[in-house]
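Chemist: quick check, what structure comes out for this input:
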Amino acid sequence: MTAMSGKAKIRGAKPFPKGRQVEPEAASEVRNTIGAGPLRRDMLIEYLHALQDRYGCLSHGHLAALAHEMKLAMAEVFEVATFYAHFDVVADADGHPGLTVRVCDSLSCALADSDNLLKTLKQYAGNGVRVVRAPCMGRCEQAPVAAVGHNHLGGATVETVTAAVEAGATEEPAPGIIGLDAYQADGGYAKLRACLDGSLAVDAVLDALDQSDLRGLGGAGFPTGRKWRFVRQEPGPRLMAVNGDEGEPGTFKDRHYLETDPHRFIEGTLIGAWAVEADEVYIYIRDEYPAIRHMLARELDAARAAGLVIPAVYIRRGAGAYICGEESAMLESIEGKRGLPRHKPPFPSQVGLFGRPTLINNIETLYWVPTILDNGADWFAGQGRRGRKGLHSFSVSGRVKEPGVKLAPAGITVQELIDEHCGGMADGHAFKGYLPGGASGGILPASMADLPLDFGTLEEHGCLLGSAAIVVLSDQDDAKAVARNLMHFFADESCGQCTPCRVGTEKALALMDAPAWDTDLLEELSAVMADASICGLGQAAANPLLSAIKRFPEDVQ
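Modeler: Next comes the predicted model:
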């Protein structure tokens, strides 16, 4: 397996000189890459991306020059560059292979035998290529998934990955979307125009969101209308941040909607910015969605040309950190820092991005706003089953015939979801259990397949709906191995800020590697993590472990 680099020749990329003096050649390369204008502290991650995109890695020489240009301590630049998994920091760039192939080893891909794919591909590494494991890439319905540079391959095989490397296919093709003209021809942006011309009042919009019972679909489930009201009541100026960092293993619904109907999301975003009078909007897109990021930039330009984008809208690029799906860690990342969760209170609605009151919404939440305003609050609220309200976009992967995003009523059961939307179980597999809410949502057995799937229905069973990521397990899967895979993910993705999570996930993983689990000690450790961790990662990391102990004793024992 050989690589066609296509990269700029790397110069000035030597180990730190004594005293870390800035090499003139490296300084010139940094300026030529990021531009000659005034540099902004919050753009540090964007500058690091620009350097890595051009040179294939981040050399010590370039980091030292960047720190000098930004008037930052070298330690501040270095800690950001080394925090994110997608930045390759090297002392001497001449020794960097040039092209990285990543193979997903999160649960859905692991069920599709990505481990063997990784082992086999590593035999072909060399000649300018390195092969590494990677966490969830948000394409679980296409498992196993590999990425050649920025080109993600679903249903990856040794042959397709090797062919992509040989062809130099390191960038993804653009998704086929409903463009601006088609969206407007079908009535799109009518509600935004009504907001802007005063024919639709803010209170009417907020009332519709309240009555529809639209809730945050990124995982927290907080009522959307109430959140918008909280931000509006804070003194301005205000900002808006959109969370597009869906890194929860098993989740890919936001990707689906952005790849198909992005202007519905853009309209919902602009209505939200109008409602809270946000001066600026920051859309944070995970680095695993490169084609979407480029497409969004293009479609936002088209919307601006049509006179639709009123506030300043910026796209910010993640860099491979699951923790940045936590809202305050995302704000830190947008500000160009490490993605460390903030202590609360104050909440982002009070003190958010750059210290200003900030409205934060998930992509799918905003996607539904114009549809609810078009069809009425009663339409959306009336979609549920078993007394529940609304719709959920279930990301379904694992042992089903037809994985994918399944739009279904809130309150549907997983058995109904499998039978009505997924074509049943995959051939040769019998239903054994399921993850109702991705990696942090716990695991339930098939005997509990009749539980309504919605916010507030699973907590009493030690589980969460979260972002509605359903991973279906079969009789060929071991719940003990599943729990270990998920704990490995959490240990790898812990930001390290707080001891209960940083040490707890690693200790739990070590205990789970033992031939026989010390369940008493694992349960005690889980309680400490849940009670003392700063954010939801550490608080929920033990949910799959505890579920395996309680619900699948035959596997654990």
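Chemist: which other residues reach stretch 452-465?
Modeler: With contacts defined as Cβ atoms under 8 Å, 6 or more residues apart in numbering, stretch 452-465 is touched by 215, 219, 221, 384-386, 388, 392, 394, 410-414, 417, 436-437, 440-444, 448, 451, 468, 470, 540, 543, 546-547, 550. (Each C-beta comes from the backbone N, C-alpha and C, glycine too.)
Chemist: against L537, how distant is G247?
Modeler: When distance is defined by Cβ to Cβ, to the nearest Å, G247 is 10 Å away from L537.
Chemist: which members of the contacts of stretch 452-465 are classed as buried?
Modeler: Among the contacts of stretch 452-465, those classed as buried by 16 or more other Cβ atoms under 10 Å are 215, 219, 221, 384-385, 388, 392, 394, 410-414, 417, 436-437, 440-444, 448, 451, 468, 470, 540, 543, 546-547, 550.
Chemist: in strands only, show me those.
Modeler: H392, F394, L444, I470 (DSSP state E).
Chemist: which strand residues bridge the last one?
Modeler: I470 forms beta bridges with V396, as assigned by DSSP bridges.
Chemist: for the first one, same thing?
Modeler: For H392, the residues forming beta bridges with it (DSSP bridges) are A408.
Chemist: hang on, it packs against V414?
Modeler: No: using Cβ atoms under 8 Å, H392 makes no contact with V414, being 11.8 Å away.
Chemist: tell me the centre residue of this protein?
Modeler: E246 (2.3 Å; Cα atoms, centre = their mean).
Chemist: without its sequence neighbours, what residue ends up closest to that one?
Modeler: Distances taken as Cβ to Cβ, 6 or more residues apart in numbering place D254 nearest to E246, at 4.7 Å, with adjacent residues excluded.
Chemist: and whichever strand or helix holds that neighbour, what's buried?
Modeler: In the assignment (DSSP states H and E), D254 maps to helix 253-260. Neighbour counts over helix 253-260 (16+ other Cβ under 10 Å) mark K253, D254, R255, H256, Y257, L258, E259 as buried.
Chemist: C324: which of these is nearest?
Modeler: Comparing those against C324 with Cβ to Cβ places D254 closest, at 13.9 Å.
Chemist: any idea of the pLDDT on the closest one?
Modeler: Each residue has a pLDDT score; the one for D254 is 98.
Chemist: counting neighbours, which bits of stretch 84-103 end up buried?
Modeler: Those would be 84-90, 93, 96-103, for stretch 84-103 by 16+ other Cβ under 10 Å.
Chemist: before we move on, what about stretch 387-398?
Modeler: Within stretch 387-398, the residues scored as buried using 16+ other Cβ under 10 Å are R388, K389, G390, L391, H392, S393, F394, S395, V396, S397, G398.
Chemist: likewise stretch 138-154?
Modeler: Neighbour counts over stretch 138-154 (16+ other Cβ under 10 Å) mark 138-153 as buried.
Chemist: pull the most distant pair out of those residues.
Modeler: Largest separation among the buried residues of stretch 138-154 by Cβ to Cβ: E141 and G149, giving 22.0 Å.
Chemist: low-confidence regions, this protein specifically.
Modeler: Flagging of the chain using pLDDT under 70 yields the residue ranges 1-20.
Chemist: swap in 50 and give it another go.
Modeler: In the predicted model of the chain, residues 4-13, 16-17 satisfy pLDDT under 50.
Chemist: ok, now how distant is the residue lying closest to G154 once chain neighbours are set aside from A469?
Modeler: Leaving aside its sequence neighbours, G154 sits nearest to Q142 (Cβ to Cβ, 6+ apart; 2.7 Å). According to Cβ to Cβ, Q142 and A469 sit 15 Å apart.
Chemist: what's the answer for L63, then?
Modeler: Distance from L63 to A469, by Cβ to Cβ: 36 Å.
Chemist: who's more crowded, these two?
Modeler: Legend: neighbour count by other Cβ atoms under 10 Å for L63 and A469, higher for A469 (29 against 24).
Chemist: what's the span of stretch 339-349, first residue to last?
Modeler: Start-to-end span of stretch 339-349 (Cα to Cα, to the nearest Å) is 18 Å.
Chemist: no no, stretch 107-124
Modeler: By Cα to Cα, the extent of stretch 107-124 from end to end equals 24 Å.
Chemist: how about stretch 464-475?
Modeler: Per Cα to Cα, stretch 464-475 runs 23 Å from first to last residue.
Chemist: give me the buried positions along that stretch.
Modeler: For stretch 464-475, by 16+ other Cβ under 10 Å, it's L464, L465, G466, S467, A468, A469, I470, V471, V472, L473, S474.
Chemist: same deal with stretch 258-272?
Modeler: By 16+ other Cβ under 10 Å, the buried positions in stretch 258-272 come out as 258-259, 261-272.
Chemist: ok so, going back, for the residue nearest to E246, give me its contacts.
Modeler: G138, G244, E246, N362, I363, E364.
Chemist: if you set the cut-off to 7 Å instead, what comes out?
Modeler: G244, E246, I363, E364 (Cβ atoms under 7 Å, 6 or more residues apart in numbering).
Chemist: same question, A147
Modeler: By Cβ under 7 Å, 6+ apart, the contact list for A147 reads V101, R102, A134, M137.
Chemist: quick one, strands of the stretch 451-557 of the chain?
Modeler: With DSSP state E, counting those that start in this stretch as the criterion, the stretch 451-557 of the chain has strands at 469-474.
Chemist: where do the helices sit along it?
Modeler: If DSSP state H, counting those that start in this stretch is used as the criterion, the helices of the stretch 451-557 of the chain fall at 479-493, 499-512, 519-532, 536-540, 543-551, 553-556.
Chemist: ok, now the stretch 1-150 of the chain?
Modeler: Under DSSP H, counting those that start in this stretch, the stretch 1-150 of the chain gives helices at 24-34, 44-55, 60-70, 74-83, 107-111, 114-122.
Chemist: and those helices as a markdown table, adding distance to P311?
Modeler: Below are these laid out as a markdown table (distance: least, Cβ to Cβ, whole Å):
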| stretch | distance to P311 |
| --- | --- |
| helix 24-34 | 25 |
| helix 44-55 | 19 |
| helix 60-70 | 27 |
| helix 74-83 | 27 |
| helix 107-111 | 37 |
| helix 114-122 | 41 |
